[in-house]
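Colleague: here is a sequence with its predicted model. Questions after.
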There are 2 protein chains.
Amino acid sequence: MPVSKKEISPCPIDAMLSVIDGRWKGTILWRLSNGPMRTSELRRSIPEMTERMLIRHLQELVRDGIVLRKQESSVPPCVRYSISKYGWTLVPVLEVICAWGRNHLRRACAAGRTAEN
Amino acid sequence: MPVSKKEISPCPIDAMLSVIDGRWKGTILWRLSNGPMRTSELRRSIPEMTERMLIRHLQELVRDGIVLRKQESSVPPCVRYSISKYGWTLVPVLEVICAWGRNHLRRACAAGRTAEN
DNA sequence: GTTCGTACTGACAAAGGTGTCAGTAGGGAG
DNA sequence: CTCCCTACTGACACCTTTGTCAGTACGAAC
């Protein structure tokens, strides 16, 4: 089930990126940062994403210890995902990334190709 | 010349990741953070990377305004790359990423699979 | 008794990033 | 005259990630 970089690189930047990297992981984490959600809730909240991808990403996030999976084995199965205590240490990092990205987008929009510096 | 995500996503996290993402970009930036370097110097300093990849990544970094290309048109061509003023705004972000990654690697090594939470 | 919903899996095709290989120009060394 | 060095390009194969499609179990609703 390949979703992110296969082997664990000793480079810390790569290590961090391998956790975040994956087409929808950022979005999933973003949704979960508002509180626990069921699989189907998550899927419906990101319509462009397929269920297959959701599950593959969730499994990786769980494997990496970022997300917690809690199953109430009722008969229509009910699984709830939430950000783990460890996962919360990731959130400030995402915020830094997000801040830079926002600035980058502004720059990309504003300057078609003006000042480089 | 595909190296990173094709279309510009409106998501700031994706925007930032598209700048960093690429097998060798982190390493290249790391090397350049010690000062300007020639193409061949860079290539030799990262032996596992091919010249082709170096150049593709450098071109993207230049396109994104992170890296500056300075050509002295002497007869054996001499091109020097350096981190731009804008590129330096990225460095603290990389440091945050790196710090988290380092911690993550420690955790991954120490805990084969011990405490989750 | 067929259909719906849940959370998932497996097989497979389509995209896209990465790597390999050869080739470019022009001066210097041998 | 040939080879080496520089920085770079183009064609192409490979492999990983992404996406599509069908199928699983089980109970509840109709």
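Modeller: Noted; the coordinates are in hand. Numbering: from 1, shown residues only, chains lettered A, B, ... in the order given.

Colleague: what about A:Arg102, how many residues close to it?
Modeller: 15 (other C-beta atoms under 10 Å in any protein chain shown). (Each C-beta comes from the backbone N, C-alpha and C, glycine too.)

Colleague: is it in a helix, a strand, or coil?
Modeller: helix (DSSP: H, G, I helix; E, B strand; the rest coil).

Colleague: give me the spatial nearest neighbour of it, chain neighbours excluded.
Modeller: In this structure, A:Arg102 finds its nearest non-sequential neighbour in B:Pro12, 4.2 Å apart by C-beta to C-beta, 6 or more residues apart in numbering or on different chains.

Colleague: tell me the contacts of that neighbour?
Modeller: A:97-102, A:104-105 (C-beta atoms under 8 Å, 6 or more residues apart in numbering or on different chains).

Colleague: just the buried members of those?
Modeller: Buried residues within the contacts of B:Pro12, counting neighbours by 16 or more other C-beta atoms under 10 Å in any protein chain shown: A:97-98, A:100-101, A:104-105.

Colleague: pick out the most distant pair among the residues you listed.
Modeller: A:Ile97 and A:Leu105 (12.4 Å; C-beta to C-beta).

Colleague: can you pull out the residues in contact with stretch A:52-72?
Modeller: Here stretch A:52-72 has contacts from A:1, A:3-4, A:19, A:22-25, A:28-29, A:32, A:36, A:39, A:42-43, A:46, A:77-84, A:86-87, A:90, B:107, B:116-117, using C-beta under 8 Å, 6+ apart.

Colleague: now those: which count as buried?
Modeller: Of these, these count as buried by 16+ other C-beta under 10 Å: A:3-4, A:19, A:22-25, A:28-29, A:32, A:39, A:42-43, A:81, A:83-84, A:86-87, A:90, B:107.

Colleague: show me those residues that map onto helices.
Modeller: A:19, A:25, A:28-29, A:32, A:39, A:42-43, A:86-87, B:107 (DSSP state H).
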